[in-house]
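**Student:** Quick check, what structure comes out for this input:
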Amino acid sequence: MTRRRSGSLIALVIAATGFTGVAKADDVATPLGLPPVPAKILGTAAMRSLGEKLFFDRALSANGTLSCAMCHIPAQGFASNQSALSIGMEGRSLRRNAPSLYNVVFKQYLFHDGRETDLVAQVWGPLLTPDEMANPGIGPLLERLRKDPAYGPLFDAAFPGEGPTMTTMGRAIAAYEATLLRGDSRFDRAVFGGDKNALTAQEWRGYEIFVSKGGCSACHRIDESSALFTDRSWHNNGAAFRRRQETDAVRVELAPGVVKDVRLAAAGFSQASQRNDVGRFEITNDPADRWAYVTPTLRGVKDSWPYMHDGGMKTLEEVVEFYDNGGGANPALDQKIKPLGLSTEERAALVAFLRTL
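**Tutor:** As a prediction, the model looks like this:
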């Protein structure tokens, strides 16, 4: 069974077990600049409390060394500044960077390639992937939780009479993740709150570029009364294709922030296990989706470096320069991406604006 089929099966199983999502969540306020949070995901305070414990619990990995929070670090925008590529089971470098979980409850497509559409089902992807938390199956993990005396009262409070199941565990973690909201920024107070002094002149200039000359808002959308800074779709900006052209070597992270391209064949190692990363194409098999990735939110973007699906850009300045130069030319480049012709002052203003989100 392929990973994609496995994920679909998990979604079906969770749907079949009766997740109706009728809980109220009056105790969670929606920050300025965000749409209402779906109450069916937020659940109850007891669900969110259980989900938070699960999110930070290393016991959820096969050998007790990894938790969700180790790739999605609260102080680092619920992403990871420590490595370009996520670090998985037994120190393995994964293929992609850990995306920020800010406002993940609003996402229509999850993961960089959008392979999952259900936040509750998504939980099980990293738990079962061999390179990530590496649980060999669902049953043994649930059995560990059933035997853990610390979890019994928490599951009873959150899901009376149900205990640990695929659905209750997924609902609990999703409920906690739904509280990872990022809004009420200086941008929100200026644009949605009417406080024009919340942004400096340079930041206002950056905002103007963002929605006009820069064309950024074509994908990182700002709506009339809220802004998620994503169109919930996917695009080929050329970042992946450019790396493909740069080298046929494998990117290896030797230490946090120290990345080297290594020609494994020259060193006597086989590259047979290295998978080429062609983005959304891996899900749809549509040639138009080659090297396309889901548009990330820009909320809290100053905290969630490095950037792009592979963490290939360390600073916002590099990102703005990349787009100013028209992205990475390739046959499937999104038509929205073209050279911008920004001046040095305009680039700096755009970066200053991004830091306000």
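
**Student:** ok, for R347, nearest residue in space, not its chain neighbours?
**Tutor:** In space, and not counting its chain neighbours, R347 is closest to V320: 5.1 Å by Cβ to Cβ, 6 or more residues apart in numbering. Heads up, the C-betas are built off the backbone N, CA and C, glycines and all.

**Student:** and if you look at S225?
**Tutor:** F192 (6.6 Å).

**Student:** on that earlier part again, isn't the residue nearest to R347 right next to L350, touching?
**Tutor:** Yes. If you go by Cβ atoms under 8 Å, V320 and L350 touch, sitting 5.3 Å apart.

**Student:** More neighbours: which of the two?
**Tutor:** L350 (29 against 24; other Cβ atoms under 10 Å).

**Student:** what's near enough to touch the more buried one?
**Tutor:** G206, I209, F210, G214, C216, V320, L342 (Cβ atoms under 8 Å, 6 or more residues apart in numbering).

**Student:** what's the answer for E321, then?
**Tutor:** Going by Cβ under 8 Å, 6+ apart, E321 touches R347.

**Student:** Return the per-residue confidence for it.
**Tutor:** Looking at E321, its pLDDT reads 97.

**Student:** Next: A249.
**Tutor:** 61.

**Student:** Let's verify M169: helix, strand, or coil?
**Tutor:** Assigned state for M169: helix (three-state reduction, DSSP: H, G, I helix; E, B strand; the rest coil).

**Student:** So for this protein, the centremost residue is which one?
**Tutor:** Nearest to the mean C-alpha position of the chain, by Cα atoms, centre = their mean, lies P99 at 2.9 Å.

**Student:** average pLDDT for stretch 104-124?
**Tutor:** On average, stretch 104-124 scores 95.

**Student:** could I have it exported to CSV, CA atoms only?
**Tutor:** Provided in CSV are the C-alpha atoms of stretch 104-124 (Å, rounded to 0.1, in the frame of the first residue of the first chain):
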residue,chain,number,x,y,z
VAL,A,104,-2.9,25.4,10.6
VAL,A,105,-6.6,25.0,11.4
PHE,A,106,-7.5,27.1,8.4
LYS,A,107,-5.5,25.0,5.9
GLN,A,108,-7.3,23.1,3.2
TYR,A,109,-4.2,21.2,2.1
LEU,A,110,-1.7,20.0,4.6
PHE,A,111,2.0,19.2,4.2
HIS,A,112,4.1,20.9,1.6
ASP,A,113,2.6,18.8,-1.2
GLY,A,114,-1.0,19.0,0.2
ARG,A,115,-1.3,15.3,0.4
GLU,A,116,-3.8,15.4,3.4
THR,A,117,-6.9,17.5,3.7
ASP,A,118,-8.1,16.5,7.2
LEU,A,119,-6.3,18.0,10.3
VAL,A,120,-7.5,15.1,12.4
ALA,A,121,-6.3,12.4,10.0
GLN,A,122,-3.0,14.3,9.4
VAL,A,123,-1.9,13.5,12.9
TRP,A,124,-1.2,9.9,11.9
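
**Student:** Show me how far that stretch is from its chain's centre.
**Tutor:** Between the centre of stretch 104-124 and the centre of its chain there are 9 Å (Cα atoms, centre = their mean, to the nearest Å).

**Student:** Now that stretch: buried residues?
**Tutor:** 104-107, 109-116, 118-124 (16 or more other Cβ atoms under 10 Å).

**Student:** And for stretch 37-49?
**Tutor:** Applying 16+ other Cβ under 10 Å to stretch 37-49 flags V37, A39, K40, I41, L42, G43, T44, A46, M47, R48, S49 as buried.

**Student:** Show me the strands in the stretch 101-250 of the chain, by range?
**Tutor:** 234-235, 250-255 (DSSP state E, counting those that start in this stretch).

**Student:** helices or strands next to the first one in the packing?
**Tutor:** Helices and strands touching strand 234-235, by 3 or more Cβ pairs under 8 Å, 6 or more residues apart in numbering; DSSP states H and E, are strand 293-294.

**Student:** helices or strands next to the strand it packs on in the packing?
**Tutor:** Strand 293-294 packs on strand 234-235, going by 3+ Cβ pairs under 8 Å, 6+ apart.

**Student:** Name every strand pairing with the strand it packs on and say which way it goes.
**Tutor:** For strand 234-235, the pairing partners within the sheet under DSSP bridges are strand 293-294 (antiparallel).

**Student:** Quick check: what element follows the partner strand along the chain?
**Tutor:** Using DSSP states H and E, the helix or strand that follows strand 293-294 in sequence is helix 316-324.

**Student:** Could you point out the helix or strand that follows that following helix?
**Tutor:** Beyond helix 316-324 toward the C-terminal end (DSSP H and E), the next one is helix 344-354.

**Student:** mean confidence score for that following helix?
**Tutor:** pLDDT averaged over helix 344-354 gives 98.
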